[in-house]
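1. sequence-free structure coming up:
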Ligand code: AGP
């Protein structure tokens, strides 16, 4: 059984400990109104941040009352079922598990001090082991949050806010938290380090939440907590301190978003928000999973010893749609770093083609939802034939996670838009880490491994740089939105990139597009080229750069308009193109992590300008549970 956050990241599914990252939601209320309806509505408003379990805690008559339930907020409401939980102070939490079991005991809020103190928390307590030795069991849950609750309680000497400040001085990790104590029925203490919290200011009442969504119906005046700040909130007063106990004066912000816009973080759609989430969730994907000293990855969820890994002679990646393109993008790394023959197959084909699989074949089933029926059936087929099957999944506790029994969660957080964006990027990240982990058992050197890890660490910043170019990509989208056909070209690692770019354009804009390996054009697709058939080429400076350049020359001769994705400051790419989008340079194997982002934005802006329902494109579903 793995321990909490055993190295942040092992994830044998079913590992009993949980980590809660950014995407959970906290809501708190203190004032004159009944807290329960405010908390339940708040949980509903925050449900987009996580929905696998939820819980509330209120103080009434000097006692803490708590209810938690697995499932959506509706399940919690059902459990409460008309019971009145009176009280005008309370906190609540909706969870999106990123590790460990989705159980009532792991749901927040957690208690300490025989039910005197209660805590809701988003984030990761990295030194939970150290703290665990200092606090007293028994432990009701398998979470780092419960240890934190006990740690704060141990520091409690009659003053709750002092206890929180003192306790947090020796906490390493990230948190957005809200604490109450039964003996302080007039006080909520909140703190932030790396996980957002905002305080809504009403008349003799305060609201506390992970974002402004649940606060908006009650007040438009808010104060954002910054990292390292502790808020002491009572009915009359809000004071903010740093951890050195110095009081800080903060400004008030006026919010004019409606609830829907707030849930989308101020973006027009979930898809655009999720595109912009990518730098952050990418960090979540790789956090704790790299070993710089050894130049390797540490993904314990594989659940195999190095000796067992050495016995793997073939790797097959199975998936559908965008997940399939993520697998294709990572295949190059598997083969180049480990030398292990690696195949990629569409699940719906794999399951019917009587695949050749034995005990030396490792099959990764890759899926955002973990519920895609074709991938489930394909992994069952692989198991039946004696293959070693592992999952790479976003949704914790999903069917693929359970049926594979071991594997890795990609930590992309809830992805609500039908078109997958951030899950793709995190799938590629995890697959690259696996490729490196296998590579280091074969011929990849420590220095190559270190270089790759260093490049991975720089990816979030580079994605940010591309995202900053969104408005320029929008201008291009305006120019190209009325074409009826597109051709996408790439070679090597950029062939799967253009497949995904073309897939994105099709599914959200309904424009016909095809993706081709550029070297294949002369065998047929050249016949399509004309003035009315724009071609988008990904031609970053890698080993196939000169080759694809010649392919683009051929396209140019046929008068098609050419949009190029090129490495920044590549002047000759500019000369070849009508329009150009630059991306930062990275190691060739990592290029799909960057080069896909402008294609997501290109597809997005075209679809938005064509007034498509970007988050819910016609005829498509987020989770494809039928064959
Ligand atoms: C992605 O934009 C698509 N909506 C779709 O291709 C999706 O990637 C595919 O259905 C696989 O889903 P999964 O990752 O949940 O298994």
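-> Cool, got the structure. Since this is a predicted model, take the numbers as computed values, not measurements. Numbers count the residues shown, from 1 in each chain.

2. Give the buried residues for the worst-scoring helix or strand of the chain on mean pLDDT.
-> Lowest on mean pLDDT, DSSP states H and E among the helices and strands of the chain sits helix 259-263, with a mean of 82. Of the residues in helix 259-263, 261, 262, 263 count as buried by neighbour count, 16 or more other C-beta atoms under 10 Å. The way it works is simple: take the backbone N, C-alpha and C, and place the C-beta from them, glycine included.

3. Turn those into TSV, including distance to the ligand.
-> Listed next are the buried residues of helix 259-263 as TSV, based on distance: C-beta to the nearest ligand atom, whole Å:
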residue	distance to the ligand
261	23
262	25
263	20
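
4. Residue 597 sits in which helix or strand?
-> Assigned by DSSP states H and E, residue 597 falls within helix 591-609.

5. What's the per-residue pLDDT of the residue of the stretch 201-350 of the chain found nearest the ligand here?
-> Minimum separation of the stretch 201-350 of the chain from the ligand (C-beta to the nearest ligand atom) falls at residue 321, amounting to 1.8 Å. On pLDDT, residue 321 comes in at 98.

6. check contacts around it.
-> 420, 503 (C-beta atoms under 8 Å, 6 or more residues apart in numbering).

7. where does it fall, phi/psi-wise?
-> Backbone torsions of residue 321, given as degrees, to the nearest 10, read phi 50, psi -130.

8. roughly how far apart are it and residue 505?
-> 14 Å (C-beta to C-beta, to the nearest Å).

9. ditto for residue 142
-> 44 Å.

10. Please state the backbone phi and psi of the residue of the stretch 51-200 of the chain found nearest the ligand?
-> Of all residues in the stretch 51-200 of the chain, residue 96 sits closest to the ligand, at 15.6 Å by C-beta to the nearest ligand atom. Backbone torsions for residue 96, taken as degrees, to the nearest 10, come to phi -130, psi 100.

11. Hmm, it is touching residue 24, no?
-> Yes - counting by C-beta atoms under 8 Å, residue 96 touches residue 24, with 5.6 Å between them.

12. center of the protein - which residue?
-> When C-alpha atoms, centre = their mean is applied to the chain, the residue found nearest the centroid is residue 412 (1.4 Å).

13. That one: what secondary structure?
-> coil (DSSP: H, G, I helix; E, B strand; the rest coil).

14. Residue 142 and residue 505: who's more crowded?
-> residue 505 (26 against 20; other C-beta atoms under 10 Å).

15. so who does the closest residue to that one other than its chain neighbours touch?
-> Spatial nearest neighbour of residue 505, chain neighbours left out: residue 603 (4.2 Å); criterion: C-beta to C-beta, 6 or more residues apart in numbering. Shown in contact with residue 603 (C-beta under 8 Å, 6+ apart): 419, 501, 504, 505, 508, 509.

16. what about residue 603, distance to residue 504?
-> With C-beta to C-beta as the criterion, residue 603 and residue 504 are 4 Å apart.

17. what touches both of the two?
-> Residues touching both residue 603 and residue 504 by C-beta under 8 Å, 6+ apart: residue 419.

18. Give me the phi and psi angles of the residue nearest to the centre of the chain.
-> phi -90, psi -10.

19. just checking, it touches residue 370?
-> No - the criterion here is C-beta under 8 Å, and residue 412 misses it with residue 370 at 11.9 Å.

20. which residues are common contacts for these two?
-> Contacts common to residue 412 and residue 370, judged by C-beta under 8 Å, 6+ apart, are residue 394.

21. Would you agree residue 286 is in contact with residue 436?
-> No - between residue 286 and residue 436 there is no contact under C-beta under 8 Å: 11.0 Å.

22. Tell me which of these two has more neighbours.
-> residue 436 (26 against 22).

23. part of a helix, is the more buried one?
-> Yes - counting by three-state DSSP, residue 436 is located in a helix.

24. Quick check: it touching residue 294?
-> No - look at residue 436 against residue 294 with C-beta under 8 Å: they stay out of range, at 10.3 Å.

25. Which neighbours do these two have in common?
-> Contact criterion C-beta under 8 Å, 6+ apart; residues bridging residue 436 and residue 294 by contacting each: residue 449.

26. Tell me where the stretch 401-550 of the chain has strands.
-> 407-409, 485-490, 512-517, 535-538 (DSSP state E, counting those that start in this stretch).

27. ok, the residue of the stretch 51-200 of the chain closest to the ligand to residue 627 distance?
-> 28 Å.

28. who has more neighbours, those two?
-> residue 96 (25 against 8).
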